[in-house]
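Visitor: Sequence below, structure please.
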Amino acid sequence: MTARSLWHDTLPADWAVARTALPGSTQADVVIVGAGYTGMWTAYYLQRADPSLKIIVLESETVGFGASGRNGGWCSALLPMSHEAMAATHGHDAALAMQRAMYDTVDEVGDVVAAEGIDCHFAKGGYVHLARSSVQAARIKAEVESQHAVGLGPEHHQWLDAGAARERLNATAVEGATYTPHCAAIHPARLALELARVIEARGVTIHEHTRVTSIEPSRVVTEHGVVTAPFVVRATEAFTPHLPGQRRAVAPIYSLMVATEPLPTSFWDEVGLRERETFNDGRRMIIYGQRTADDRFAFGGRGAPYHFASAIKPEFDRDESVQDSLGDTLRELFPAMGDAKITHRWGGAVAAPRDWWCSVGLDRATGIAWAGGYVGDGVSTTNLSGRTLADLITGNASPLTSLPWVGHRSRKWEPEPLRWLGINTMVKLPVGADRYETTTGKPERWRSAIISRITGH
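Guide: Now for the predicted structure:
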């Protein structure tokens with residue numbers, strides 16, 4: 001377990017809990033497939049809404065095995081789909097309501113963490129999006145202006161000049177930054193295990209090492225028996241394609257990470273991140289980082305290949321070339337790291353729908369509910385999923401149940417080998433775009449247009 005990530009390696013030894021597999025066929029009021037954030041937040045809010053419910057959570061591995069235990073630890077208000085995409089189909093007001101719900105969700109997670117005594121190193125320091133070239137500065141400024149134009153004012157997103165940006169994060173070549181307060185850094189595996197503790201104390205049952213072979217109307221078939229329930233929640237994220245009938249629902253996209261040894265106080269005095277702000281910069285290739293509670297960098301990025309037929313294997317969690325590049329990028333951003341060691345390398349898969357929309361919903365005719373497709377923005381979005389699914393299942397027509405992602409159905413990915421060819425071509429496009437902008441000092445156009453067409457950004 002400790003080899004999975006920095007986060008698993010730094011869990012307290014006495015937090016380990018041995019959970020049994022499903023002992024045989026049984027009944028429940030709600031059965032949830034997946035003991036990651038989505039499944040456990042759903043169980044948490046369902047139990048709060050109706051403590052009499054019998055809720056069973058089934059997990060093929062262990063709590064927090066997937067992205068919930070391995071991610072970058074950003075509890076953010078980011079969404080994979082753009083405001084423009086939501087507004088085009090649901091209107092401006094609905095798109096604005098969705099974004100404001102995400103702002104509220106960051107605080108909701110913080111409130112639950114405090115109320116339940118969840119020790120996950122939650123620190124709401126905000127998010128710094130650095131501009132490290134004139135091209136990036138122009139692009140990021142335009143993004144801020146577009147946010148202000150739709151009604152998300154400077155209290156939500158503000159442009160910082162070079163001096164103000166360096167006050168928060170003194171990286172190299174800083175020309176400015178966007179800052180938003182709507183993000184917290186967390187220890188993701190701690191959050192996963194603590195959520196499990198909380199829901200089990202409230203009467204929810206979690207069965208680990210129970211592989212689900214089929215999700216059907218009002219029942220879930222496993223290797224150890226069948227669980228029947230009026231409501232079935234699919235909370236399987238990147239592992240969804242392994243279920244019958246879901247092979248092309250989402251594509252598992254690998255995101256890889258590295259972490260340093262703890263860095264001295266003198267380093268942080270120079271670099272900043274005093275409030276544990278999360279950060280990235282304006283390059284096209286996605287990177288993301290945080291200062292951990294024990295003063296390390298946890299730093300990740302994309303660039304790993306998509307694997308044929310949506311394969312997910314432990315050996316894919318490491319790609320030496322990508323993780324070497326992440327280490328090099330970190331040192332280029334912060335030369336004061338000197339010869340600080342990279343102590344951990346890991347990764348995992350996130351789920352990408354074909355149209356880059358996350359979604360949540362319930363088919364009352366079959367009793368099957370679902371949530372996912374976060375494309376790496378799931379730490380907070382899963383909480384909104386859990387609250388929304390609880391309202392849908394209990395029949396509470398709340399403002400959450402009318403948000404534009406509710407009931408959204410993404411089209412399927414193309415069959416192989418088209419899926420493999422298309423996704424791996426897309427993985428390489430940001431590399432060329434960044435190289436062009438660095439070499440010419442001009443904004444890259446055609447690769448960026450393809451990326452925007454696919455992702456909606």
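
Visitor: elements contacting the lowest-mean-pLDDT helix or strand in the chain?
Guide: Lowest on mean pLDDT, DSSP states H and E among the helices and strands of the chain sits helix 446-455, with a mean of 79. Identification of packing neighbours for helix 446-455 by 3 or more C-beta pairs under 8 Å, 6 or more residues apart in numbering; DSSP states H and E yields helix 418-440. Just so you know, the C-beta spots here come from the backbone N, C-alpha and C atoms, and that holds for glycine as well.

Visitor: Of all the residues in the helix or strand where Ser266 lies, which ones are buried?
Guide: Per DSSP states H and E: Ser266 is located in helix 265-271. Buried residues in helix 265-271, defined by neighbour count with 16 or more other C-beta atoms under 10 Å: Phe267, Val271.

Visitor: Can you give the contact residues for that helix?
Guide: Leu169, Asn170, Ala171, Arg274, Arg291, Asp295, Phe334, Ala336, Met337 (C-beta atoms under 8 Å, 6 or more residues apart in numbering).

Visitor: Buried among those? Make that a ChimeraX selection.
Guide: Here is the ChimeraX command that selects the buried residues among those (16+ other C-beta under 10 Å):
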select :169,170,171,291,295,334,336,337
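
Visitor: out of the contacts of helix 265-271, who's nearest Gly378?
Guide: Set against Gly378, the nearest of the contacts of helix 265-271 by C-beta to C-beta is Arg291 (21.1 Å).

Visitor: Let me know the next secondary structure element after the helix or strand encompassing Gln290.
Guide: Per DSSP H and E, Gln290 falls inside strand 287-291. Next helix or strand after strand 287-291 toward the C-terminus (DSSP H and E): strand 297-301.

Visitor: Contacts for that following strand, please.
Guide: Under the contact criterion C-beta under 8 Å, 6+ apart, strand 297-301 has outside partners 6, 72-73, 255-260, 263, 285-292, 322, 325-326, 329-330, 334, 337, 347.

Visitor: just the angle between that strand and helix 418-440, please?
Guide: 110 degrees (axes from the mean of the first three to the mean of the last three C-alpha atoms, to 10 degrees).

Visitor: Which parts of strand 297-301 count as buried, going by neighbours?
Guide: Phe297, Ala298, Phe299, Gly300, Gly301.

Visitor: same check, this time on stretch 438-451
Guide: Quick answer for stretch 438-451 (16+ other C-beta under 10 Å): Glu444, Arg447, Ser448, Ile451.

Visitor: sorry, back to before: just curious, which of the buried residues of strand 297-301 is nearest to Ile199?
Guide: Nearest to Ile199 among the buried residues of strand 297-301, with distances taken as C-beta to C-beta, is Ala298, at 26.1 Å.

Visitor: if I look at the nearest residue to the closest one once chain neighbours are set aside, how far off is Ile56?
Guide: In this structure, Ala298 finds its nearest non-sequential neighbour in Ala259, 4.8 Å apart by C-beta to C-beta, 6 or more residues apart in numbering. Computed as C-beta to C-beta, to the nearest Å, the Ala259 to Ile56 distance reads 35 Å.

Visitor: okay, those two: which has more neighbours?
Guide: Applying other C-beta atoms under 10 Å to Ala259 and Ile56 shows that Ala259 carries more neighbours, namely 25 against 22.

Visitor: So, low pLDDT: which residues of the stretch 51-200 of the chain?
Guide: By pLDDT under 70, the stretch 51-200 of the chain has no low-scoring segment.

Visitor: which residues in it form helices?
Guide: 83-90, 92-115, 134-149, 162-168, 188-201 (DSSP state H, counting those that start in this stretch).

Visitor: now the stretch 301-450 of the chain
Guide: 320-333, 378-394, 418-440, 446-455.

Visitor: how much does the longest one deviate in direction from helix 446-455?
Guide: In this case it means helix 418-440. 140 degrees.

Visitor: what packs against helix 418-440?
Guide: strand 251-260, helix 446-455.

Visitor: If we use 6 Å, what do you get?
Guide: The helices and strands touching helix 418-440, judged by 3 or more C-beta pairs under 6 Å, 6 or more residues apart in numbering; DSSP states H and E, are helix 446-455.

Visitor: and Thr382, how far is that from Asp391?
Guide: Thr382 is 15 Å from Asp391, where distance means C-beta to C-beta.

Visitor: Between those two, which is the more surrounded one?
Guide: Taking neighbours as other C-beta under 10 Å, Thr382 and Asp391 compare with Thr382 leading, 30 against 20.

Visitor: so the more buried one touches Tyr37, yeah?
Guide: Yes. Counting by C-beta atoms under 6 Å, Thr382 touches Tyr37, with 3.7 Å between them.

Visitor: dump the residue contacts of the closest residue to Gln246 other than its chain neighbours.
Guide: Leaving aside its sequence neighbours, Gln246 sits nearest to Thr240 (C-beta to C-beta, 6+ apart; 4.9 Å). Shown in contact with Thr240 (C-beta atoms under 6 Å, 6 or more residues apart in numbering): Gln246, Ala249, Val250.

Visitor: Identify the residues contacting Arg190.
Guide: Cys120.

Visitor: Check Lys442 too.
Guide: Here Lys442 is in contact with no residue (C-beta under 6 Å, 6+ apart).

Visitor: That one and Thr455: what is the separation?
Guide: 22 Å.

Visitor: likewise Ala433?
Guide: 13 Å.

Visitor: how's the protein carved up into domains?
Guide: 2-71+188-250+355-402, 122-185+252-353+416-455 (automatic domain parsing).

Visitor: so which of the ones you listed comes closest to His92?
Guide: domain 122-185+252-353+416-455 (6.8 Å).

Visitor: chain center to the closest one, what's the gap?
Guide: Centre-to-centre, domain 122-185+252-353+416-455 and its host chain are 14 Å apart (C-alpha atoms, centre = their mean, to the nearest Å).

Visitor: again with stretch 170-189
Guide: With C-alpha atoms, centre = their mean, you get 16 Å for stretch 170-189.

Visitor: swap in stretch 399-407?
Guide: 19 Å.

Visitor: First-to-last residue distance for that stretch?
Guide: The first residue of stretch 399-407 is 14 Å away from its last residue (C-alpha to C-alpha, to the nearest Å).

Visitor: if I look at Leu273, how far off is Arg168?
Guide: If you go by C-beta to C-beta, the gap between Leu273 and Arg168 works out to 7 Å.

Visitor: And Tyr103, by the same measure?
Guide: Separation of Tyr103 from Arg168 (C-beta to C-beta): 20 Å.

Visitor: which one of those two has more residues nearby?
Guide: Shown here are Tyr103 and Arg168; by other C-beta under 10 Å, Arg168 has more neighbours (22 against 17).

Visitor: so that one touches His129, yeah?
Guide: No. Arg168 is beyond contact range of His129, at 10.7 Å (criterion: C-beta under 6 Å).
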